[in-house]
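A.B. asks: Structure, please.
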Amino acid sequence: MARGLILSSPALTATTSLLAPFYKTPPKNFNLSFGFKLSHHQYPLLPLLCCFSLSSSPSQSSIDISKYTEAFSRRMAMAGLKPHHRIALGVSGGPDSVALCVLTAGWKNAVTSENGGGFIDGLLAIIVDHGLRAESKEEANIVSHRVSKMGIRCEIACCDWPSGRPKQGQLQESAREMRYQIFQEVCARHRIGVLLIAHHADDQAELFILRLSRNSGVLGLAGMPFTSQIFPTHMHSNCKFRADQGILLVRPLLEFSKEDMYKICQGGNEDWIEDPTNQSPLYARNRIRMVLNNVSSSTFKFELQAIISACRITRTYVDQISYSLIHDAVVIKDHGYAVIDLQILHPLKIEDICLMKFLSLVLQFVSQRQRQVRGSALKLLKVYIRTFPCKNSITAAGCYLCPDPGSRGSRVLVCCCSDDCALPSKMEVFESHSPEAYRVASELETIIENENSYVNDLVPNASDVHFLDVNPEFILTEAKRLNIIGEPTYNSILALQKQETAHFRSKTEVVSDSASKHGVEMVTPFSKSLQPENFCYFMDRFILTWKLKNKFDKDEVSGLVDYVINLSEEGGRYCHTSCVAGDNKVLEVRHMIESDWLYLAELSKYPLSKSFPQYGVKSVNGSKQIMDRTSPCLHYASASAKQALHLLKSIPVAARRSLPVLINQQAQLVSIPSVNFKHCPLLMVHVEFKPKIPLSGGHTSFI
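C.D. replies: Purely as a prediction, here's the structure:
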């Protein structure tokens, strides 16, 4: 038997009902809706959230979970989900994820028949064995057996820690990142676009206290979103799926309390496993959870959820303003950079919080980072963007900002810094997309559209939104002034915040010598091999592929009228052996550097004449690349270079540095596909601007 404590539902005592009769009416002078068009039908649980009863637990047979199943169905509909959709569940075996399994299986079973194997069609539980405890494998098998008995197909995924077990202080964060990486890989393999996670209201309360102790602003205090689109951090060459697809993360239990999780498990007659590491005071969340569990006041619990609700409504408003600014003032170019029109932004009286959120989304898109810009960098960007006209340049969060050439400072150019694209994680190789992958992406778009049609009716007005211009240090004070929380709740939250802040500040921050002495590590242009007809995702924005033909295309060489070219297969084979593309089985990809421009300039000087002598052209690595005078490729490359130089002039210098370039294994330039340059007419190259993370940062909803 595993050493993790395994509890059965009859053993649980002191459970509470979500429908307990405490505070069915909000406190006086507190407008719970904050401008949202709320009704009991839309939010049947909101005024009852976290209402605890300390009466003894009823027997299993007397527990009626119909109220929970009805509320769960409404939340799934709000997320745009229908029972026929393919859905995955993140399952740990604890009471939260077991309750999620009970509710999801019931919701699916209402309209979906079982398949031939006895499992519910279109439902998969993903169990991650982190391998950090000796008993974790046995526990994963126990959980799989229990969940399978519910009619849910299971897959156990084991974590691989190539660098060894994470350090104690980074254990939970590292485990979380690994878990979500595995979730995405399994979903992609099974062509599933939606993942349900069992986070609930008590998790939100813990996160609120944790972020408050870290001096987070109102956007962070809004906690975890109801739905959010997340994107894979890397691809695998054996995964035939759309690299930019992502998955929709849904948290349908955010209005349920921890005690409700126990009741749902009891009502469903299901057992669960308690992870012993959840009791360790080494982790901040555990410490906060233990303190919150000791607070018996139902008033405190209700008011804590009320201030979280106010933060979420503020977050919804800020997001909507930011999306509007993006729509009106940002232009995205196909070469991967953005232009911000300051003439549109400058006259608007935009709140600082909305402007910084807007800038965070733009820079996240350009840099294609998973996390948005935060902290001092964002404040610096706010000051920069408010300067009109713009006269200076700035580097922040992996992006380079400067006045757009020819705009006299009325527009700002935002490009990805070339240093960032030297990181190996910025290019991943994968095989071609399967038709099924596009079907999954289409279904995901439909789900998001369904949710948006619901959310659009819930956008608050500015007059009903709080905390827009409140310093993070005074959010609690403002909430007390607005009667969102009372004096006792204010004092309790403040004590929790101070306790956790003191614990956080007592830790010693370790900085490596190299980081403290040398700052940012200097990097050189990286390259990675790409085989013909494979695809690569370059800098998370360009999908690139190439191959060599055996025969000339007459249209490709039609401009070389004064030079006789052998268009036969024999001529093609000769071309393969006489130019820099060669008969390569592999080329390499890197970003464009300054010497590429100089090489094109030199190459473009050669006359298109059949009487030219043998030439040596300076290559990107400083050596001479000699081309036989009878090779048709030198004529073709010269003409292609002239056309590419013309196109490059329309691309700002800063933006050119992030363009993908193909080179051979001798580091000689072969192609710059974004400007249609290639050395050989037999070389077929395709590049598509397809950013993984969209300009909005991906779909997110805080309803």
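
A.B. asks: going forward, measure contacts and count neighbours with C-alpha atoms only.
C.D. replies: OK.

A.B. asks: what is the mean pLDDT for the longest helix that the chain contains?
C.D. replies: In the chain, assigned by DSSP state H, the helix with the most residues is helix 298-329. Summarised as a single mean, pLDDT over helix 298-329 is 95.

A.B. asks: With stretch 669-676 instead?
C.D. replies: Mean predicted lDDT for stretch 669-676 stands at 94.

A.B. asks: list the buried ones in the longest helix of the chain?
C.D. replies: 298-323, 325-326 (16 or more other Cα atoms under 10 Å).

A.B. asks: what's the burial count for Ala377?
C.D. replies: 13 (other Cα atoms under 10 Å).

A.B. asks: ok, it to Ala396 distance?
C.D. replies: 6 Å (Cα to Cα, to the nearest Å).

A.B. asks: for the residue nearest the centre of the chain, what are its contacts?
C.D. replies: In the chain, the residue lying closest to the centroid (Cα atoms, centre = their mean) is Ile230, at 3.7 Å. The contact partners of Ile230, by Cα atoms under 8 Å, 6 or more residues apart in numbering, come to 246-249, 698.

A.B. asks: Widest-spaced pair of the residues you listed?
C.D. replies: Maximum pairwise distance among these (Cα to Cα): 11.0 Å, between Leu249 and Gly698.

A.B. asks: overlap in contacts of the two?
C.D. replies: Between them, Leu249 and Gly698 share the contacting residues 228-230, judged by Cα under 8 Å, 6+ apart.

A.B. asks: Low-confidence regions, the stretch 551-700 of the chain specifically.
C.D. replies: Along the stretch 551-700 of the chain, segments meeting pLDDT under 70 span 552-579, 581-584, 606-632.

A.B. asks: switch to 80 and redo it
C.D. replies: Along the stretch 551-700 of the chain, the parts satisfying pLDDT under 80 run over 551-585, 606-635.

A.B. asks: Which residue ranges of it form helices?
C.D. replies: Applying DSSP state H, counting those that start in this stretch to the stretch 551-700 of the chain gives helices spanning 569-578, 594-603, 632-648, 653-656.

A.B. asks: the more surrounded of Leu249 and Gly698?
C.D. replies: Leu249 (22 against 17).

A.B. asks: Would you agree that one is in contact with Thr227?
C.D. replies: Yes. Look at Leu249 against Thr227 with Cα atoms under 8 Å: they come within range, at 5.5 Å.

A.B. asks: now the shared contacts of Leu249 and Gly698 in CSV, with pLDDT?
C.D. replies: Converted to CSV, the shared contacts of Leu249 and Gly698 look like this (pLDDT from 0 to 100):
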residue, pLDDT
Ser228, 95
Gln229, 93
Ile230, 91
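
A.B. asks: Count the neighbours of Leu282 for me.
C.D. replies: The burial count for Leu282: 12, using other Cα under 10 Å.

A.B. asks: which residues sit in contact with Ile672?
C.D. replies: 659-662, 678.

A.B. asks: Now for Lys258: which residues touch it?
C.D. replies: For Lys258, the contact set (Cα under 8 Å, 6+ apart) comprises 96, 200-202.

A.B. asks: Which one (most neighbours) among those residues?
C.D. replies: Asp96 (25 neighbours).

A.B. asks: mind listing what's buried in whichever strand or helix holds Arg289?
C.D. replies: Element membership for Arg289 (DSSP states H and E) is helix 284-293. Buried residues in helix 284-293, counted by 16+ other Cα under 10 Å: 284-289, 292.

A.B. asks: Stretch 673-693 now?
C.D. replies: 673-685, 687, 689-693.

A.B. asks: pLDDT below threshold where in the stretch 51-200 of the chain?
C.D. replies: Residues of the stretch 51-200 of the chain meeting the criterion pLDDT under 80: 51-62, 110-117, 162-164, 166-172.

A.B. asks: those helices in it, which residues are they?
C.D. replies: So, for the stretch 51-200 of the chain - with DSSP H, counting those that start in this stretch - the helices run 66-78, 95-109, 136-149, 171-189.

A.B. asks: need those in a markdown table with distance to Pro472, can you?
C.D. replies: As requested, those are arranged in a markdown table below (distance: least, Cα to Cα, whole Å):
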| stretch | distance to Pro472 |
| --- | --- |
| helix 66-78 | 31 |
| helix 95-109 | 31 |
| helix 136-149 | 40 |
| helix 171-189 | 24 |
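
A.B. asks: Of the ones you listed, which stretch is the most buried?
C.D. replies: Of those, the one with the most neighbours on average (mean count of other Cα atoms under 10 Å) is helix 95-109, at a mean of 23.

A.B. asks: Could you check the angle that helix makes with helix 136-149?
C.D. replies: 30 degrees (axes from the mean of the first three to the mean of the last three Cα atoms, to 10 degrees).

A.B. asks: Please name the strands paired to the helix or strand that contains Cys536 in the sheet, noting orientation.
C.D. replies: In this assignment (DSSP H and E), Cys536 forms part of strand 535-538. Note on strand 535-538: by DSSP bridges, its sheet partners are strand 427-430 (antiparallel), strand 542-548 (antiparallel).

A.B. asks: List the buried residues for that strand?
C.D. replies: Buried, per 16+ other Cα under 10 Å, within strand 535-538: 535-538.

A.B. asks: just those now: which is nearest Asn392?
C.D. replies: Phe538 (29.1 Å).

A.B. asks: so which of the helices of the stretch 551-700 of the chain gets nearest Asp469?
C.D. replies: helix 653-656 (34.9 Å).

A.B. asks: thought Leu355 was touching Tyr323?
C.D. replies: No. Here Leu355 does not reach Tyr323: they are 10.6 Å apart, not a contact under Cα under 8 Å.

A.B. asks: Quick check: bridge partners of Ala689?
C.D. replies: Just to correct that, residue 689 is Phe rather than Ala. Phe542.

A.B. asks: ok, it - contacts?
C.D. replies: Phe689 neighbours (Cα under 8 Å, 6+ apart): 334-336, 541-543.

A.B. asks: and stretch 253-261, how far out from the chain's middle?
C.D. replies: 26 Å (Cα atoms, centre = their mean, to the nearest Å).

A.B. asks: Let's test this: mean pLDDT of it, rounded?
C.D. replies: On average, stretch 253-261 scores 96.

A.B. asks: Now the terminal residues of it, how far apart.
C.D. replies: First-to-last residue span, stretch 253-261, Cα to Cα: 9 Å.

A.B. asks: what's the closest of the buried residues of helix 284-293 to Leu207?
C.D. replies: Checking the buried residues of helix 284-293 against Leu207 by Cα to Cα gives Arg285 as the nearest, at 7.4 Å.

A.B. asks: Give me the local confidence score for the closest one.
C.D. replies: Arg285 is assigned 87 on the pLDDT scale.

A.B. asks: Show the contacting residues for it.
C.D. replies: 206-207, 210 are the contacts of Arg285 under Cα under 8 Å, 6+ apart.

A.B. asks: Among these, name the ones in helices.
C.D. replies: Those of those lying in helices (DSSP H): 206-207, 210.

A.B. asks: in the stretch 401-550 of the chain, which spans are helices?
C.D. replies: Going by DSSP H, counting those that start in this stretch, the stretch 401-550 of the chain shows helices at 435-455, 475-481, 487-505, 513-518.

A.B. asks: Provide the angle between the direction of the helix holding Arg289 and the direction of helix 487-505.
C.D. replies: Here helix 284-293 runs at an angle of 160 degrees relative to helix 487-505 (the same axes, to 10 degrees).

A.B. asks: Now do helix 284-293 and helix 171-189, the angle between them.
C.D. replies: Using the same axes, to 10 degrees: helix 284-293 against helix 171-189 is 100 degrees.
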